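Engineer: The following block contains a protein sequence and its predicted model.
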Amino acid sequence: MPTDVIMPQMGESIVEGTITKWLKKPGEQVQRDEPLFEISTDKVDAEIPAPASGVLKEIKTPEGTTVQVNTVVGLIDEAGAATATAPQPAQNNIQPAPSAPGGKETETPTYLREAPGAAHGGTADEPARGMEAAARSQETVIEFPKGPEEEEDGERVRSSPLVRRLAREHEVDLREVTGTGLGGRVTKDDILRFVEQHPAGVPAIPLPSEPAVGRPAAAAAQAPAYQTGTAAPTMPAAQPAAPRPAGMADEIVPMTPMRKKIAERMVESKRTSAHVHSVYEVDMTRIVKIRERRKDDFERRTGSRLTFMPFFCRAAIHAIRQFPIVNSSVEADNIRYHRNINLGIAVALDWGLIVPVLKNAEEKNFLGLQRGITDLADRARARKLLPDDVAGGTFTLTNPGNYGQMFGLPIILQPQVAILGVGNIKKQTVVLTDENGMDSIAIRSICHISLGYDHRVIDGAIGDQFLREVSDYLQNWNEDLG
Amino acid sequence: MNKKETASRPSPNQVQDTPAETPTPRAGSSPSVKADDASSMLRCYNLPDYRLEHPDFTVRQTTDADEVRYEMLGDISAPPPPIRSSKYLTPDQVIAIYRYMLLNRAMEAALENLYKQGKVVGGVYFGLGQEACSCASAFALRKDEWLGPMIRNQGALLVRGFSPRDVMMQYMAKAGSPTGGKDASSHFGDIRDRNVVAPISTLGDLIPVLAGVALGARLQGRNIAAMTYIGDGGQSTGVTYEGLNFAAVQRLGLVLIVENNLWGYSTPSELQSRLKDLAERAVAYGIPGVIVDGTDACQVYDAAHEACARARRGEGPTLIEAKMMRMKGHAIHDGAHYVPRDLFEYWQQRDPITRLEHFLVNEKGWLQPERNQQLKAEVARQIEEDRDQAVASPMPDPAVTPLQVYCEGCHDIQLKYGTPPQRRTSAGQPETEKGSGNSK
Amino acid sequence: MAPTTYLEAIRQGLWEEMERDARVFCIGEDIGIYGGAFQVTEGFINHFGPQRVIDTPIAESAIVGAAFGAALTGMRPVAEFQFMDFLPCAFNQITNMVAKAHYRWGAPAPLVIRGPSGGGVHGGPFHSQNPEAYFTHTPGLKVVCPATAYDAKGLIKAAIRDPNPVIFFEHKFLYRRIKEELPPEDYLVPLGQARVARSGGDISVITYAAMVHTALEAAEELAKEGIELEVLDLRTLLPLDRQAIADTVKRTNRVIVLHEDVRTGGIAGEIMAVINEEAFEWLDAPVVRLTALDTPVPFSPPLEEHFLPKASDVVREARRLMAY
């Protein structure tokens, strides 16, 4: 195996050298340490000795050439070396030494040797703590938390590393937490309180893909109990109940994370807001008729089915404009009036509830709203919602009437201050008074809307007036459907 | 200024002593000042000068047409003098020193080759032309005394018991080097067996440390010699002064060898000090100073011997100025082109090994030519073996990098010389001493 | 037993070690017949003799170098610096010769360098410094800063028994101003361990030396408004007690790092980095540091007072932190 002849580094800052003269020709014998070639560098010129005895096999770098240090400039064949000795296995290779004394004839360096009589010096103090740890501190790995993608929501809410960790551990959506710190920051106390009191859940109800009119009464019996505002939420009808075989022990099923979340949030919301509910009766006949007339055409033209939801959304947006307090949040001693109206539309899923948010709903016309609602509902069922889709809501609509319920008393989705529930649209007999004061009985499509609102900031009068605005808007609908 | 060649070199500052205290000149000297000299207010000190020649030359900066360079002024035509026979060494001891010098040089030649073959990490520092100073001085120390070598005193390390392989492994940064690859070149030591203090890169810092070693020994009831070196360049540092002054005022047995090899990197000694003879600095510390020819092993040994004896008597430090020249550049990358060529020729004739060889073989006949050749062959063989072993040994494991910053029970720190004295007053019973001393 | 001052505690510790171990000796300027500039070694030379209480020339490099040399022969030197402001005179010996000896060539350096540091005494720029940061940055050294008389005694003893070089900063403001009853038995305080000087749930104040007392003073004030400080006295700066730092942060989630050393490059930065590494997810607020200004220590009392951190600064920052 030929030995490399290399360009040496003749000084710590030298990076290259020039071969000025070869003192041997290929084929010539050469002894180890015999001058073999001459070089010139920035600092010094030198004669370079051969690294081994043998025959100069090859000159790779001719005279006059400049090469980087450690470049192989030639080769020596060690066959037939004139001098004895010199087994030259490891040239300057970096070979890690085994921890026991390795290599031939190497001694353990002084400081690694065991002190004779190994008694540790009579020093009474303990070895310095953290010495080795400090010396190896470049290996300290800062653990980055792993969490599901939803956690990114928390980044948008001002908090702190501690709060984010607690949120992660307790699976809290920080948007649900009221922040009492500087600038509305969620503090440690805020989240601990939240966790302790079970944060408000998602009072979602199924968003009907079919109009709610004419739902069989049987479904009404399965109205989700949470709509009544009790503190014990039960599973919505969509959630399959575990069968209980007769005569066996009670079965314990752990909550899914979503269920846990809902449970916590429901209770937390009840504890946070001073819930009041007002109910209003709305005559939806006009809209029902418009819808009946227009739905096929609408669907054909726009590709979107025509449901009742966008009507209620438009009405809500109109009413919010008159009563912006309904689109606000409480922050310690302050009320934050949201500039945008981000409408949460509750969607019932087979596996739970979710409230995707239609952002900046005030900018959308009727068609935009319908499309947006449909898109959110579809994606919700297909599990394709993005974190952004469920964040930032300022007002929520829910549709308990889907199951035939007359009206519900929904729980506010924190940190909002109001939620509008839409009941069943049902034909009822009503008394109509004409302009002459004559009464008659008519059959009208009636819907009860209920506003759940936070009496901390919304008084009864406001709540009622808001509902009346919504009702008037619906009853006198004259918007273009787009 | 031309000085008369006398065996005793008075300092330029001459004081007329009071009549009651005529200075007693050393043997072979004559006072060089008359009582009514114009400079009669100056003190007179005697600095013994063992040299057999007193060349008078200086190096001066000069500007030619477009070049600033150094030139040598003076008369350096004299032939080299003979070796001055030692008052203390037996022939075998002289031969032993000679062998160390051969080993020293052969080791450095091998290191140069290894460096040029790319096997050495960093730089190589040579003591070429200074082997007599390193080896003969260290030879005067006892086994249980201490040495603090500088970068060019690798011969002294060999005398203290390290092998050429140790030095080579240091240069090659191997796992089995005395520092395990933690430091380079001669920056290693041994507190247990060879009593060598490892130097650091800054100059003069060994001086207070070796003074402290002598202090520690004295506290344990022993006056020892603690020997270290400094160059004409290094002696300019403040810590040199602090250390030597401390040793002087405390009368610690520091033997300081000032190796005046005329060049501190590229700076001639004329730019390091106004003094012609650095031994004159001894006056400033109030300690004995002596001048020797650093290329004459016997002179070096004698001066070191006497200084060690003085130290062991508790009389304090000695400053020995050894005059020679550094025959290579500062390190291997330095071609020393700034040294006037005629100086090289002058000092080449005074090569310490050549001189001692001539003395042993030709003059005294203590070393037969065949034995001389044998010695050289033995040295060559030892270097060869050590070199092969060093080259073949492994590099350190990166895993040891963070280890051993602190001593956490790895050492049993022992007293070197004996139990320190008990406390002075006896309020109550005298305490029995803690600390197990090893008298070595 | 009468209460012992901080200075007296150091003297006791040093005396006891010299009694116990004949290898221990003192070296420094004016420590012999004079008894030391602050009288720490008063009476020592009469009892232990001039061999073991050595007056040196004014040569800090030589003091450290000689101490190291003596340590190589097995002795246990305690080198006094008249003011720790003069440590830079021996900087090379300390950081290059002594600190690296064990790592490089296996030579332990069991020496202690001790002396007065710190301000608040109108000492001016060269007699009031807190130079610890020059040395916490040097692997191989240990750096100790006691805040109480109890710790001063236990730590000087432990430092002397430690086989590594220890730089022992005695806060001169505390020398005669604080005192406490000390137990009569031989006790040590381990190096590298912090101590909770006061427990509290709201904010951790991580500090050392004289500032421990400043923090305690602020704690009294804040307790009246229902803010409970926890004060962690680091005691040793190198090695830092990372575990104690992490633990206190985990208890309170809010931190003030307080020291008398100047701001930039002071050890507060290092402590904050440790908090980041060990307890980031326990922080409910940014870490606040309270330090001296980035200036030399001024001389005139109103200037020096402005320069140094005060209890009122701690109170102010604590209130701000609670409101975050």
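Structural biologist: That came in fine, so what should we check first? Numbers count the residues shown, from 1 in each chain, chains lettered A, B, ... in the order given.
Engineer: contacts, neighbours, all on C-alpha from now
Structural biologist: Fine.
Engineer: quick one: is the longest strand along chain C near chain A?
Structural biologist: If you go by DSSP state E, chain C has its longest strand at strand C:255-262. No - contact of strand C:255-262 with chain A (C-alpha under 8 Å from any C-alpha of the partner chain) is absent, the minimum separation being 12.9 Å.
Engineer: Could you pull out the strands in the stretch 151-300 of chain B for me?
Structural biologist: Residue ranges of the strands in the stretch 151-300 of chain B, as given by DSSP state E, counting those that start in this stretch, are B:226-231, B:254-260, B:263-264, B:267-268, B:289-293.
Engineer: what is the orientation angle of the last one with strand B:254-260?
Structural biologist: With axes from the mean of the first three to the mean of the last three C-alpha atoms, to 10 degrees applied, the angle from strand B:289-293 to strand B:254-260 works out at 50 degrees.
Engineer: follow-up on the earlier one: could I get the average pLDDT for the longest strand of chain C?
Structural biologist: For strand C:255-262, the mean pLDDT works out to 98.
Engineer: now do stretch A:428-435
Structural biologist: 91.
Engineer: contact partners of it?
Structural biologist: Contacts to stretch A:428-435, defined as C-alpha atoms under 8 Å, 6 or more residues apart in numbering or on different chains, come from residues A:Asp439, A:Ser440, A:Ile441, A:Ala442, A:Ile443, A:Arg444, A:Ser445, A:Ile446.
Engineer: Tabulate those in CSV, adding columns for pLDDT, neighbour count and secondary structure.
Structural biologist: Formatted as CSV, those follow (pLDDT from 0 to 100; neighbours: other C-alpha atoms under 10 Å in any protein chain shown; DSSP: H, G, I helix; E, B strand; the rest coil):
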residue, pLDDT, neighbour count, secondary structure
A:Asp439, 93, 12, strand
A:Ser440, 93, 10, strand
A:Ile441, 93, 11, strand
A:Ala442, 93, 12, strand
A:Ile443, 94, 13, strand
A:Arg444, 94, 20, strand
A:Ser445, 93, 21, strand
A:Ile446, 94, 22, strand
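Engineer: so which of the residues you listed comes closest to chain B?
Structural biologist: Top of the list for closeness to chain B, among the contacts of stretch A:428-435 and by C-alpha to the nearest C-alpha, is A:Ile446 at 81.0 Å.
Engineer: The closest one against A:Tyr280, yeah?
Structural biologist: No - counting by C-alpha atoms under 8 Å, A:Ile446 does not reach A:Tyr280; the two are 10.2 Å apart.
Engineer: could you measure the residue of the stretch 1-150 of chain C found nearest chain A against B:Val121, distance?
Structural biologist: Across the stretch 1-150 of chain C, no residue is closer to chain A than C:Gly106, which sits at 4.1 Å (C-alpha to the nearest C-alpha). Taking C-alpha to C-alpha, to the nearest Å as the measure, C:Gly106 falls 21 Å from B:Val121.
Engineer: ok, those two, which is more surrounded?
Structural biologist: C:Gly106 (28 against 20; other C-alpha atoms under 10 Å in any protein chain shown).
Engineer: just to revisit the earlier point, can you tell me which of the strands of the stretch 151-300 of chain B comes nearest to C:Ile94?
Structural biologist: Checking those against C:Ile94 by C-alpha to C-alpha gives strand B:226-231 as the closest, at 19.6 Å.
Engineer: Would you agree C:Arg198 is in contact with C:Leu232?
Structural biologist: Yes - shown here, C:Arg198 and C:Leu232 form a contact pair, counting by C-alpha under 8 Å, at 7.1 Å.
Engineer: Can you pick out the residue with more neighbours from those two?
Structural biologist: C:Leu232 (23 against 17).
Engineer: SS state for that one?
Structural biologist: Secondary structure state of C:Leu232, per DSSP: H, G, I helix; E, B strand; the rest coil, is strand.
Engineer: Relative to chain A, how far out is it?
Structural biologist: 17 Å (C-alpha to the nearest C-alpha, to the nearest Å).
Engineer: Return the residues in contact with that residue.
Structural biologist: Contacts for C:Leu232 (C-alpha under 8 Å, 6+ apart) come out as C:194-198, C:204-208, C:212, C:245, C:248.
Engineer: hey, what's it bridged with?
Structural biologist: C:Val196, C:Ile206 (DSSP bridges).
Engineer: could you measure it against C:Arg11, distance?
Structural biologist: Noted for C:Leu232: a distance of 26 Å to C:Arg11, by C-alpha to C-alpha.
Engineer: Quick one: the strands in chain C, in order.
Structural biologist: Going by DSSP E, chain C shows strands at C:4-5, C:24-28, C:53-55, C:76-80, C:112-117, C:142-144, C:166-171, C:179-180, C:195-198, C:203-207, C:229-233, C:236-238, C:255-262, C:288-292.
Engineer: pLDDT value on A:Gly184, please?
Structural biologist: 87.
Engineer: So C:Ala2 versus C:Pro183, what's the distance?
Structural biologist: Distance from C:Ala2 to C:Pro183, by C-alpha to C-alpha: 11 Å.
Engineer: In the stretch 351-482 of chain A, what residue lies closest to chain B?
Structural biologist: For the stretch 351-482 of chain A, C-alpha to the nearest C-alpha, closest residue to chain B: A:Pro387, 45.7 Å.
Engineer: Model confidence at A:Met248, what's the number?
Structural biologist: pLDDT, A:Met248: 67.
Engineer: Quick check: which of the strands of the stretch 151-300 of chain B is nearest to chain C?
Structural biologist: Of those, nearest to chain C by C-alpha to the nearest C-alpha is strand B:226-231, at 10.1 Å.
Engineer: The closest one - which strands sit beside it in the sheet, and in what orientation?
Structural biologist: In the sheet, strand B:226-231 lines up with strand B:146-148 (parallel), strand B:254-260 (parallel) (DSSP bridges).
Engineer: what comes into contact with it?
Structural biologist: Strand B:226-231 is contacted from outside by B:138, B:141, B:145-150, B:203-204, B:206-207, B:210-211, B:213-214, B:253-261, B:264, using C-alpha under 8 Å, 6+ apart.
Engineer: how does it look with 6 Å?
Structural biologist: For strand B:226-231, contacts defined as C-alpha atoms under 6 Å, 6 or more residues apart in numbering or on different chains pick out B:146-149, B:210, B:214, B:254-260.
Engineer: What residues does chain C have near chain A?
Structural biologist: By C-alpha under 6 Å from any C-alpha of the partner chain, the part of chain C that sits against chain A consists of C:Gly106, C:Arg161, C:Pro190, C:Gly192, C:Glu277, C:Glu281, C:Trp282, C:Leu283, C:Asp284, C:Tyr324.
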